[in-house]
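> Return atomic coordinates for the entry below.
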Amino acid sequence: MARILLIEDSPTDRAVFTQWLQKGGHQVILATNAEDGIEIARKQLPDLVLMDVVLPGMSGFQATRALTRDAATSKIPVLIVSTKSMETDRAWGMRQGAVDYVVKPPREEDLLERINQLVTA
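Modelled structure (predicted):
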């Protein structure tokens, strides 16, 4: 269905989200840090980026800002999925250009529904 770039450093979350996405019919491209994720996004132009916030090096907030301000990747929707659950975190993520912000752990059905809405919009 869609090509989704998953930027996630947790091996457990990477495995779970990959399984969910593949079961939902999506192709998954993986990056374990923001810098690699940005480079992959520029080269492969995925349909959506699923972004963690707490990453080694550059944060997911910084990476979201970089992707949404780059002409090559600005049309790719970024969905943040993070353990950071404060309303200020959500607001900051949206200000960086994310199209939505989901708190971990999400329900599989809810996450897939939101992803499907974004990639068919």
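> Please count neighbours and contacts with C-alpha atoms only from this point.
OK.
> Could you check the pLDDT of the residue nearest to the spatial centre of the chain?
Taking CA atoms, centre = their mean as the criterion, L50 is the residue nearest the geometric centre of the chain, at 1.5 Å. Per-residue pLDDT puts L50 at 98.
> what's next to the host helix or strand of it, contact-wise?
Using DSSP states H and E, L50 maps to strand 48-51. The contact list for strand 48-51, computed with CA atoms under 8 Å, 6 or more residues apart in numbering, reads 2-8, 60, 64, 76-82, 115, 118-119.
> Just the buried ones among those, please.
Buried by 16 or more other CA atoms under 10 Å: 2-8, 60, 64, 76-82, 115, 118, out of the contacts of strand 48-51.
> Give me the subset of these lying in strands.
3-7, 78-82 (DSSP state E).
> Could you report the neighbour count for Q44?
12 (other CA atoms under 10 Å).
> Pull the distance from the strand or helix carrying E35 to the chain's centre.
Of the helices and strands defined by DSSP H and E, E35 is found in helix 34-44. Relative to the centre of its chain, helix 34-44 is centred 12 Å away, using CA atoms, centre = their mean, to the nearest Å.
> Right, I'll leave it there.
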